[in-house]
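Participant: show me how the following folds:
(one chain, ligands or ions: 1)
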Amino acid sequence: MQKNISWGGRFEKGPEAAVAEYTESVSFDKALYAHDIMGSQAHARMLGRQGVITPEEAETLVRGLDAVRAEIEAGRFVWKTELEDVHMNIEARLTELVGDVGKKLHTGRSRNDQVGLAFRLFVSDRVREWQDLARALIGVFADKADRHRQDILPGCTHLQPAQPVSLGHHLLAYAWMLRRDVARMVDCERRARVSPLGAAALAGTTYPLDPPSVAADLGMYGAFDNSMDAVADRDYLLEALFCASCTMMHLSRCCEEIILWANPAFGFVRLSDGYSTGSSIMPQKKNPDVAELMRGKTGRVYGSLTALLTTMKGLPLTYNRDLQEDKEPFLDADRTLSASLHLMAGMLTELTFNTGRMRAACGAGFLNATELADYLVGKGIPFRQAHHMTGAAVALAERNSKPLEGLTLEELRGICDRINDDVYAVLDYEAAMRRRETHGGTGPASVARQLAELRAWLGRKENA
Ligand code: ARG
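Facilitator: The predicted structure follows:
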């Protein structure tokens, strides 16, 4: 039972050991040390500018905080659980280093706006890092797509063969998902990087503080508008967790396809040894564990979002200690998403596509049935009727265990006498892919346009 030096004035004894352990956050919020120090230094400079403390005192505080950071980064800092959190650990050490002036740092400030600022700075930086990782991954998808624009595979709906598509087009579908993810992150960061400092405990403060100047000093987009909202709100964090969840969902869908395609029944891809593992009992196995874990870890990122939504839903204004529960879900989601984006880029770079197997798979499942229907429409038959005739052709081919292009001209003319031998060029699978040059289609020119657009976007700096 140790008395807490920061708030222990009215207490006769400190908290029970189990209580201290239950309420502490330093074991995880020490991850915020750099951002806490950054925020405190901006606060000290503002106190100096506003004449709340002298310019020399401000300078002493800023330099002392630099020294604390150096200790932390050198691994020499002793974190104390009885000091609860990262904020009080740093302030206590600052006061040891610079003496009584250290006790002036907290003037006009509460831990409520202090933690708000530190976490907003931290989350904003992480969301920027996610954007960079996602952009790098989009670049990998684009390079792979470029190499495989002409290769075809069965495009599916309902996981059933539907129409032949270019592998490049298929891969770019993920690039576009990730591009929207980046846009969401850019938008999220604009709301996250707003300073709550100056809200103090909840009501603002009597000192002549200048919150907008603190925000400007820290390169933030602005300061809070309402002090109660500023210390109570975590919706920027929920947005960040949704961004993480949505990106993980996209990665997970891609993982699912890699896992499926690596199954020898498909044999569409070969995983590199570095991204797969063996079995301890079955010597032949090469398992897609990285893809499986990425799919699995998506669940825990959703869990973080759900946890915080649930924590927030019943909270009265303003700060409640419940809010300390915002840290671990985010730290966990950040670790998971960052590693997943990084590993997906590596896994995809080393993935080899068995384009022969993909091409061969196009021969089963009547992927060119739509071509025949469109051909009949070209011969003046209304689409619904053409659809029906093509169905009959498919049934005939199926009965004879051959593909549509395996039917003789006689057999086809038995279904519709307007069919000529120009039909066989139309039934060609590559041709089916190449003809789809409509906006955003799978044709080579459309895929080239998509690639050019994505690469131009990647080349621009602040791209939303
Ligand atoms: N460790 C706390 C948190 O993460 C800091 C704020 C504590 N404020 C308070 N009034 N107890 O939320």
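
Participant: how about the residues of the chain by the ligand?
Facilitator: S25, D29, D85, R111, N112, V115, Y319, R321, L323, Q324 (C-beta under 6 Å from any ligand atom). Heads up, the C-betas are built off the backbone N, CA and C, glycines and all.

Participant: please, which helix or strand holds the closest residue in space to the fourth one that isn't next to it in sequence?
Facilitator: If I follow you right, that is R111. Using C-beta to C-beta, 6 or more residues apart in numbering and skipping the chain neighbours, the partner closest in space to R111 is H87 (5.5 Å). Secondary-structure assignment from DSSP states H and E places H87 in helix 86-98.

Participant: could you dump that helix to CSV, C-alpha only?
Facilitator: This file holds the C-alpha atoms of helix 86-98, laid out as CSV (Å, rounded to 0.1, in the frame of the first residue of the first chain):
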residue,chain,number,x,y,z
VAL,A,86,2.8,6.8,-18.4
HIS,A,87,1.8,10.4,-17.6
MET,A,88,2.5,10.3,-13.9
ASN,A,89,5.7,8.2,-14.4
ILE,A,90,7.1,10.8,-16.7
GLU,A,91,6.1,13.8,-14.6
ALA,A,92,7.5,12.3,-11.5
ARG,A,93,10.9,11.6,-13.1
LEU,A,94,10.9,15.1,-14.6
THR,A,95,10.5,16.6,-11.2
GLU,A,96,13.4,14.4,-9.9
LEU,A,97,15.5,15.7,-12.7
VAL,A,98,14.6,19.4,-12.8
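
Participant: state the mean pLDDT of the one helix or strand L454 maps to.
Facilitator: If you go by DSSP H and E, L454 is part of helix 444-459. Taken as a whole, helix 444-459 carries a mean pLDDT of 97.

Participant: what are the contacting residues of that helix?
Facilitator: With C-beta atoms under 8 Å, 6 or more residues apart in numbering as the contact definition, helix 444-459 has outside contacts at 135, 138-139, 142, 145-146, 149-150, 166, 168-169, 172, 175-176, 179, 434, 436-440, 463.

Participant: now it, how far from the centre of its chain.
Facilitator: 22 Å (C-alpha atoms, centre = their mean, to the nearest Å).

Participant: residue contacts, the closest residue to L351 other than its chain neighbours?
Facilitator: Using C-beta to C-beta, 6+ apart and skipping the chain neighbours, the partner closest in space to L351 is V269 (5.5 Å). By C-beta under 8 Å, 6+ apart, V269 lies in contact with I258, W261, A262, L351, T352, F353, N354.

Participant: which among the residues you listed gets closest to the ligand?
Facilitator: Of all those, the ligand sits closest to I258, with 38.8 Å by C-beta to the nearest ligand atom.

Participant: so what's that closest one up against?
Facilitator: V269, L271, P288, A291, M347, L351.

Participant: which among these gets closest to V214?
Facilitator: M347 (42.8 Å; C-beta to C-beta).

Participant: mind checking which of the contacts of helix 444-459 land in strands?
Facilitator: Among the contacts of helix 444-459, DSSP state E puts S166 in strands.

Participant: only whichever of the contacts of helix 444-459 are buried, select them in PyMOL.
Facilitator: Of the contacts of helix 444-459, the buried ones can be selected in PyMOL as follows, counting by 16 or more other C-beta atoms under 10 Å:
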select buried, resi 135+138+142+145+149+166+168+169+172+175+176+179+434+436
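
Participant: and L209, how far is that from the ligand?
Facilitator: L209 sits 19 Å away from the ligand, going by C-beta to the nearest ligand atom, to the nearest Å.

Participant: what does K104 give?
Facilitator: Distance, K104 to the ligand, by C-beta to the nearest ligand atom: 19 Å.

Participant: can you check R135 too?
Facilitator: 31 Å.

Participant: quick check: the residue of the stretch 301-450 of the chain nearest the ligand.
Facilitator: For the stretch 301-450 of the chain, C-beta to the nearest ligand atom, closest residue to the ligand: Q324, 3.7 Å.

Participant: and L159, how many neighbours?
Facilitator: 7 (other C-beta atoms under 10 Å).

Participant: in helices, which of the residues of the chain next to the ligand fall?
Facilitator: D29, R111, N112, V115 (DSSP state H).

Participant: D85 is in contact with the second one, correct?
Facilitator: Yes - when contacts are counted by C-beta atoms under 8 Å, R111 is listed as touching D85 (7.5 Å).

Participant: out of those two, which sits in the busier spot?
Facilitator: Each of R111 and D85 has its neighbours counted (other C-beta under 10 Å); D85 has more, 25 against 20.

Participant: now the more buried one. Nearest residue, chain neighbours left out?
Facilitator: What sits nearest to D85 in space, not counting adjacent residues and going by C-beta to C-beta, 6+ apart, is S25, at 4.6 Å.

Participant: how near is the one you found to R63?
Facilitator: 27 Å (C-beta to C-beta, to the nearest Å).

Participant: tell me which of the two has more neighbours.
Facilitator: A count of neighbours by other C-beta under 10 Å puts S25 above the other of S25 and R63, at 19 against 14.

Participant: where does the more buried one land on pLDDT?
Facilitator: Model confidence at S25, given as pLDDT, is 98.

Participant: M228 too?
Facilitator: pLDDT, M228: 98.

Participant: does it touch A201 like I think?
Facilitator: No - taking C-beta under 8 Å as the definition, M228 is not a contact partner of A201, at 10.0 Å.

Participant: quick check, nearest of the ones in helices among the residues of the chain next to the ligand to P208?
Facilitator: Out of those, the member with the shortest distance to P208 (by C-beta to C-beta) is N112, at 19.9 Å.

Participant: surely that closest one and T318 touch.
Facilitator: Yes - assessed by C-beta under 8 Å, N112 is found in contact with T318 at 7.4 Å.

Participant: overlap in contacts, the two.
Facilitator: Shared contacts of N112 and T318, counting by C-beta under 8 Å, 6+ apart, come down to L202, V231.

Participant: and R10, how many neighbours?
Facilitator: Using other C-beta under 10 Å, R10 has 5 other residues around it.

Participant: which phi and psi does it have?
Facilitator: phi -90, psi 0 (degrees, to the nearest 10).

Participant: any idea how far M88 is from it?
Facilitator: From R10 to M88 the distance is 17 Å (C-beta to C-beta).

Participant: tally of neighbours for A265?
Facilitator: Around A265 there are 7 residues (other C-beta under 10 Å).

Participant: number of nearby residues for A200?
Facilitator: 22.

Participant: skipping adjacent residues, who's closest to it in space?
Facilitator: S110 (4.7 Å).

Participant: hmm, the one you found is touching A201, no?
Facilitator: Yes - here S110 lies in contact with A201, judged by C-beta under 8 Å, at a distance of 4.0 Å.

Participant: N112 and T318: which has the busier surroundings?
Facilitator: N112 (21 against 18).

Participant: now do the contacts for the more buried one.
Facilitator: N112 neighbours (C-beta under 8 Å, 6+ apart): A199, A200, A201, L202, V231, T318, Y319.

Participant: switch the cut-off to 10 Å
Facilitator: Going by C-beta atoms under 10 Å, 6 or more residues apart in numbering, N112 touches 196, 199-202, 227, 230-232, 318-320, 323.

Participant: still on that earlier bit, and the residues of the chain next to the ligand, which two are furthest apart?
Facilitator: D29 and Y319 (15.1 Å).
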